[in-house]
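Engineer: predicted model and sequence below, questions to follow.
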Amino acid sequence: MAELSTLYESDYSAWAQRHAELLRAGRYAELDLEHLVEELSDMSKSERRELESRLLILLAHLLKWEYQYQLLSERWREFKGDSWRATIIEQRIRLTKLLKQSPGLKALLGETIADVYGDAVQLASDETALPPETFPRHCPYTVEQLLDKVFIPYPAYHKSGHDHLSG
(Lines give C-alpha, C1' and ligand atoms only; values in the text may rest on other atoms or scores of the structure.)
Protein backbone atom coordinates (compact mmCIF):
# COMPACT_ATOMS: atom_id res chain seq x y z
CA MET A 1 0.00 0.00 0.00
CA ALA A 2 2.89 2.39 0.67
CA GLU A 3 3.91 1.80 -2.94
CA LEU A 4 0.44 2.85 -4.13
CA SER A 5 0.45 5.91 -1.91
CA THR A 6 3.78 6.97 -3.44
CA LEU A 7 2.44 6.19 -6.93
CA TYR A 8 -0.54 8.45 -6.21
CA GLU A 9 1.86 11.36 -5.69
CA SER A 10 4.10 10.62 -8.66
CA ASP A 11 1.82 9.14 -11.39
CA TYR A 12 -1.89 9.58 -10.80
CA SER A 13 -2.87 7.83 -14.03
CA ALA A 14 -0.85 4.73 -13.15
CA TRP A 15 -2.28 4.84 -9.61
CA ALA A 16 -5.85 4.91 -10.97
CA GLN A 17 -5.15 2.10 -13.44
CA ARG A 18 -3.61 -0.05 -10.69
CA HIS A 19 -6.67 0.49 -8.50
CA ALA A 20 -8.97 -0.55 -11.32
CA GLU A 21 -6.94 -3.77 -11.67
CA LEU A 22 -7.04 -4.43 -7.91
CA LEU A 23 -10.78 -3.83 -7.74
CA ARG A 24 -11.46 -6.13 -10.72
CA ALA A 25 -9.36 -8.82 -9.07
CA GLY A 26 -11.12 -8.38 -5.73
CA ARG A 27 -7.85 -7.53 -3.97
CA TYR A 28 -9.39 -4.95 -1.66
CA ALA A 29 -6.81 -5.23 1.11
CA GLU A 30 -4.17 -3.79 -1.24
CA LEU A 31 -6.11 -0.60 -2.01
CA ASP A 32 -4.83 2.83 -1.03
CA LEU A 33 -8.09 3.61 0.76
CA GLU A 34 -7.15 7.05 2.01
CA HIS A 35 -6.51 8.42 -1.48
CA LEU A 36 -9.29 6.34 -3.06
CA VAL A 37 -11.90 7.83 -0.72
CA GLU A 38 -10.48 11.30 -1.37
CA GLU A 39 -10.72 10.81 -5.14
CA LEU A 40 -14.27 9.47 -5.02
CA SER A 41 -15.33 12.40 -2.87
CA ASP A 42 -13.66 14.83 -5.28
CA MET A 43 -15.41 13.18 -8.25
CA SER A 44 -18.75 13.76 -6.59
CA LYS A 45 -17.83 17.39 -5.86
CA SER A 46 -16.67 17.86 -9.45
CA GLU A 47 -19.95 16.56 -10.86
CA ARG A 48 -21.91 18.78 -8.48
CA ARG A 49 -19.82 21.81 -9.53
CA GLU A 50 -20.50 21.03 -13.19
CA LEU A 51 -24.23 20.74 -12.49
CA GLU A 52 -24.14 24.09 -10.69
CA SER A 53 -22.18 25.73 -13.51
CA ARG A 54 -24.47 24.46 -16.27
CA LEU A 55 -27.60 25.50 -14.37
CA LEU A 56 -26.15 28.92 -13.55
CA ILE A 57 -25.45 29.67 -17.21
CA LEU A 58 -28.77 28.25 -18.40
CA LEU A 59 -30.77 30.21 -15.82
CA ALA A 60 -28.92 33.46 -16.54
CA HIS A 61 -29.57 33.13 -20.26
CA LEU A 62 -33.25 32.32 -19.78
CA LEU A 63 -33.58 35.36 -17.53
CA LYS A 64 -31.78 37.55 -20.07
CA TRP A 65 -34.08 36.22 -22.77
CA GLU A 66 -37.18 36.86 -20.72
CA TYR A 67 -36.24 40.28 -19.36
CA GLN A 68 -34.02 41.87 -21.99
CA TYR A 69 -34.64 40.19 -25.36
CA GLN A 70 -37.63 42.37 -26.29
CA LEU A 71 -35.79 45.57 -25.39
CA LEU A 72 -32.80 44.65 -27.55
CA SER A 73 -34.87 43.41 -30.48
CA GLU A 74 -36.82 46.69 -30.47
CA ARG A 75 -33.60 48.74 -30.46
CA TRP A 76 -31.75 46.70 -33.02
CA ARG A 77 -33.79 45.10 -35.75
CA GLU A 78 -30.97 42.67 -36.47
CA PHE A 79 -30.91 41.32 -32.88
CA LYS A 80 -32.39 37.83 -32.89
CA GLY A 81 -30.76 36.42 -29.77
CA ASP A 82 -28.92 33.72 -31.71
CA SER A 83 -25.97 33.55 -29.31
CA TRP A 84 -28.29 33.36 -26.29
CA ARG A 85 -30.34 30.67 -28.03
CA ALA A 86 -27.16 28.72 -28.82
CA THR A 87 -26.00 28.94 -25.20
CA ILE A 88 -29.40 27.77 -23.90
CA ILE A 89 -29.35 24.81 -26.30
CA GLU A 90 -25.74 23.90 -25.46
CA GLN A 91 -26.32 24.02 -21.69
CA ARG A 92 -29.40 21.80 -22.00
CA ILE A 93 -27.50 19.27 -24.10
CA ARG A 94 -24.64 19.19 -21.60
CA LEU A 95 -27.02 18.98 -18.63
CA THR A 96 -28.88 16.07 -20.22
CA LYS A 97 -25.60 14.29 -20.89
CA LEU A 98 -24.35 14.93 -17.34
CA LEU A 99 -27.59 13.61 -15.84
CA LYS A 100 -27.41 10.53 -18.06
CA GLN A 101 -23.82 9.83 -16.98
CA SER A 102 -24.54 10.58 -13.32
CA PRO A 103 -28.21 9.83 -12.66
CA GLY A 104 -27.78 10.44 -8.93
CA LEU A 105 -27.54 14.16 -9.70
CA LYS A 106 -31.23 14.21 -10.66
CA ALA A 107 -32.12 14.09 -6.97
CA LEU A 108 -30.08 17.29 -6.47
CA LEU A 109 -31.67 19.33 -9.27
CA GLY A 110 -34.25 21.24 -7.22
CA GLU A 111 -31.80 22.03 -4.43
CA THR A 112 -29.06 23.03 -6.89
CA ILE A 113 -31.40 25.31 -8.84
CA ALA A 114 -32.36 27.05 -5.61
CA ASP A 115 -28.67 27.32 -4.64
CA VAL A 116 -27.50 28.89 -7.91
CA TYR A 117 -30.53 31.01 -8.75
CA GLY A 118 -29.27 34.06 -6.86
CA ASP A 119 -25.96 33.86 -8.72
CA ALA A 120 -27.85 33.50 -12.02
CA VAL A 121 -29.81 36.66 -11.22
CA GLN A 122 -26.60 38.49 -10.43
CA LEU A 123 -24.98 37.26 -13.66
CA ALA A 124 -28.02 38.27 -15.71
CA SER A 125 -28.05 41.63 -13.95
CA ASP A 126 -24.33 42.19 -14.57
CA GLU A 127 -24.63 41.26 -18.25
CA THR A 128 -27.80 43.27 -18.93
CA ALA A 129 -27.27 46.24 -16.60
CA LEU A 130 -30.79 45.60 -15.32
CA PRO A 131 -31.10 45.84 -11.53
CA PRO A 132 -31.34 42.47 -9.74
CA GLU A 133 -34.81 43.48 -8.52
CA THR A 134 -35.98 43.21 -12.15
CA PHE A 135 -35.89 39.44 -11.85
CA PRO A 136 -38.11 37.17 -9.72
CA ARG A 137 -36.86 36.42 -6.20
CA HIS A 138 -37.27 32.68 -6.78
CA CYS A 139 -36.63 30.64 -9.88
CA PRO A 140 -39.69 30.97 -12.13
CA TYR A 141 -38.84 27.86 -14.16
CA THR A 142 -39.61 24.26 -13.30
CA VAL A 143 -37.03 21.49 -13.63
CA GLU A 144 -39.05 20.20 -16.58
CA GLN A 145 -38.91 23.59 -18.31
CA LEU A 146 -35.18 23.91 -17.72
CA LEU A 147 -34.54 20.52 -19.32
CA ASP A 148 -37.17 20.85 -22.07
CA LYS A 149 -35.20 21.38 -25.25
CA VAL A 150 -37.84 23.67 -26.77
CA PHE A 151 -38.98 25.74 -23.79
CA ILE A 152 -38.04 29.38 -23.80
CA PRO A 153 -39.94 32.06 -21.87
CA TYR A 154 -41.76 34.90 -23.53
CA PRO A 155 -40.45 38.36 -22.76
CA ALA A 156 -41.63 39.46 -19.32
CA TYR A 157 -44.46 41.67 -20.55
CA HIS A 158 -45.96 38.86 -22.69
CA LYS A 159 -46.90 36.47 -19.88
CA SER A 160 -49.77 34.81 -21.77
CA GLY A 161 -47.77 31.77 -22.82
CA HIS A 162 -44.42 30.42 -23.87
CA ASP A 163 -42.47 30.50 -27.08
CA HIS A 164 -40.28 27.72 -28.40
CA LEU A 165 -36.62 27.69 -29.38
CA SER A 166 -37.50 26.62 -32.89
CA GLY A 167 -39.22 29.96 -33.57
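Structural biologist: Arrived safely.
Engineer: what mean pLDDT does the host helix or strand of Ser13 have?
Structural biologist: Element membership of Ser13, judged by DSSP states H and E, is helix 12-24. Helix 12-24 shows a mean pLDDT of 87.
Engineer: next one: stretch 67-83
Structural biologist: 62.
Engineer: who are the packing partners of the helix or strand that comes right after the helix holding Ser13?
Structural biologist: Sequence-wise, the next helix or strand downstream of helix 12-24 (DSSP H and E) is helix 33-75. Applying 3 or more C-beta pairs under 8 Å, 6 or more residues apart in numbering; DSSP states H and E, one finds that helix 33-75 makes contact with helix 2-10, helix 12-24, helix 82-101, helix 109-128, helix 143-147, strand 151-153. Using the backbone N, CA and C atoms, a C-beta is placed for each residue, glycine as well.
Engineer: what does the second one rub up against?
Structural biologist: Among residues not part of helix 12-24, those counted as contacts by C-beta atoms under 8 Å, 6 or more residues apart in numbering are 4, 7-8, 28, 30-32, 35-36, 39.
Engineer: coming back round to it: any chance of the helices and strands packed on helix 33-75 in a markdown table, with mean neighbour count too?
Structural biologist: Converted to a markdown table, the helices and strands packed on helix 33-75 look like this (neighbours: other C-beta atoms under 10 Å):
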| stretch | mean neighbour count |
| --- | --- |
| helix 2-10 | 13 |
| helix 12-24 | 14 |
| helix 82-101 | 15 |
| helix 109-128 | 17 |
| helix 143-147 | 15 |
| strand 151-153 | 20 |
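Engineer: what's the closest of those to Lys64?
Structural biologist: Proximity to Lys64 (C-beta to C-beta) singles out helix 109-128 among those, at 5.1 Å.
Engineer: and the closest one, what does it pack against?
Structural biologist: Checking 3+ C-beta pairs under 8 Å, 6+ apart, helix 109-128 ends up next to helix 33-75, helix 143-147.
Engineer: return the helix or strand in this structure with minimum mean pLDDT.
Structural biologist: strand 162-164 (a mean of 46; mean pLDDT, DSSP states H and E).
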